[in-house]
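J.: Just a sequence and a predicted model for now, questions to come.
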Amino acid sequence: MDGALRFDLGVSTYTERDADGYYRVQIDWPGGKGGQPVESYHPCGFLGRPRDPSVDPNGRPHIGGTTLWAWEGSQGHAIPLSDPRVAGRLPEVKKGGSIQYADTSAGAEKAPFALFDGANGSWQLYVPYGSTAATIAVDVSMPGVESVQIVHGAGMKIVMTAGGKNSVVIHNRTGNAYLEVNDEGVIINGNSKIVGSLIAGNVGAAESVALADGLLAWVTQVNAALAAIFAAAGNTVNPTIVAPTAAPLAAPTLKASPAV
């Protein structure tokens, strides 16, 4: 029938983006005839672009992205499909699940992917780089203890877990310092430094927190002033304001102040 589509499979040999933003694919037609790139089609909301094919010693396309193509009269159509070069670098997709991946030119042992688990809907993002990988995992496989975990390839991570105290924990690279926020409050583990203002107590009746260096300087000045006053009054026991960590001194017995 005139104008009927004639379908076949081929290997993508070249891709380009035209001035209108559409991608076109050149296909290794049967018989190795090649040809001009034709418009490619993608599922709604998703767009993928095949890598250039691997070639044999004679420069002929050897293996690459499989493409479903069709002719409608003189008009060509192409739908990029899977690439066998990346299949072994991806995890298993369970029945009902789906995966999006990238066949990076870096050729890592595992390809980057985003995977939905067909059994329970959990989701994982895996991005390898160098000898490590960054990951994000949304795990809903166990009711009551669902978790979200973000892990940097260098070791830092954030973990949010339901159940128990419903904790949010931020870890440093080695895991020996962390900040945990849970139903009971806040836990800080590790050496801490505060830059800026600090308020202690109820926010509505906020109380200032003194800086140690400034407080000690003030205590030194007050002690010097008190010593001078008590010496002038003829007292032999001088009261002393001590650092807040020391036990308070008993109040001294004072003589009457001299008349002014």
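T.: Okay, I see it.
J.: Output the below-cut-off pLDDT ranges for the stretch 51-200 of the chain.
T.: 106-107 (pLDDT under 70).
J.: what about 50?
T.: Within the stretch 51-200 of the chain, no stretch has pLDDT under 50.
J.: beta partners of S40?
T.: Beta-bridge partners recorded for S40 (DSSP bridges): A78.
J.: so it makes contact with Y23?
T.: Yes. With contact defined as C-beta atoms under 8 Å, S40 reaches Y23; the gap is 5.0 Å. Just so you know, the C-beta spots here come from the backbone N, C-alpha and C atoms, and that holds for glycine as well.
J.: what touches both of those two?
T.: T15 (C-beta atoms under 8 Å, 6 or more residues apart in numbering).
J.: Please identify which of these two sits among more neighbours.
T.: S40 (23 against 19; other C-beta atoms under 10 Å).
J.: I'd like to know how far that one sits from Y14.
T.: Plainly put, S40 is 11 Å away from Y14 if you go by C-beta to C-beta, to the nearest Å.
J.: Find residues that contact each of the two.
T.: With C-beta under 8 Å, 6+ apart, S40 and Y14 have common neighbours V25.
J.: Which residue is the nearest non-sequential neighbour of the most centrally placed residue in the chain?
T.: Per C-alpha atoms, centre = their mean, the C-alpha nearest to the average position across the chain is that of I150, at 5.0 Å. Computed as C-beta to C-beta, 6 or more residues apart in numbering, the closest residue to I150 that is not its neighbour in sequence is I158, at 4.6 Å.
J.: tally of neighbours for that neighbour?
T.: I158: 15 neighbours (other C-beta under 10 Å).
J.: didn't S105 look like it was pressed against R51?
T.: Yes. Judged on C-beta under 8 Å, S105 makes contact with R51 at a distance of 7.0 Å.
J.: elements contacting the longest strand anywhere in the chain?
T.: Secondary structure of the chain read by DSSP state E shows that its longest strand is strand 5-17. For strand 5-17, the contact count by 3 or more C-beta pairs under 8 Å, 6 or more residues apart in numbering; DSSP states H and E identifies strand 23-27, strand 61-63, strand 66-72, strand 75-80 as packing neighbours.
J.: try it again with 6 Å
T.: strand 23-27, strand 66-72 (3 or more C-beta pairs under 6 Å, 6 or more residues apart in numbering; DSSP states H and E).
J.: Tell me the gap between that strand and the middle of its chain.
T.: Centroid separation for strand 5-17 versus its chain: 37 Å, with C-alpha atoms, centre = their mean, to the nearest Å.
J.: Repeat that for stretch 220-228.
T.: 54 Å.
J.: Next: stretch 22-42.
T.: Using C-alpha atoms, centre = their mean, the offset of stretch 22-42 from its chain centre is 38 Å.
J.: how long is that stretch end to end?
T.: 11 Å (C-alpha to C-alpha, to the nearest Å).
J.: Then stretch 121-141?
T.: Terminal-residue distance, stretch 121-141 (C-alpha to C-alpha): 8 Å.
J.: For it, list every residue counted as buried.
T.: 122, 124-128, 133-135, 137-139 (16 or more other C-beta atoms under 10 Å).
J.: Could you list the buried residues of the host helix or strand of Q221?
T.: Element membership of Q221 [criterion: DSSP states H and E] is helix 212-232. In terms of neighbour count (16+ other C-beta under 10 Å), helix 212-232 has its buried residues at F230.
J.: averaged over its residues, what pLDDT does it have?
T.: Averaged over helix 212-232, pLDDT sits at 82.
J.: still on that earlier bit, which of S105 and R51 has more neighbours?
T.: More crowded of S105 and R51, by other C-beta under 10 Å: R51, with 16 against 7.
J.: For the more buried one, what are phi and psi?
T.: phi -80, psi 160 (degrees, to the nearest 10).
J.: Mind listing residues that contact the longest strand of the chain?
T.: 23-28, 37, 49-50, 53, 61, 64-65, 67-72 (C-beta atoms under 6 Å, 6 or more residues apart in numbering).
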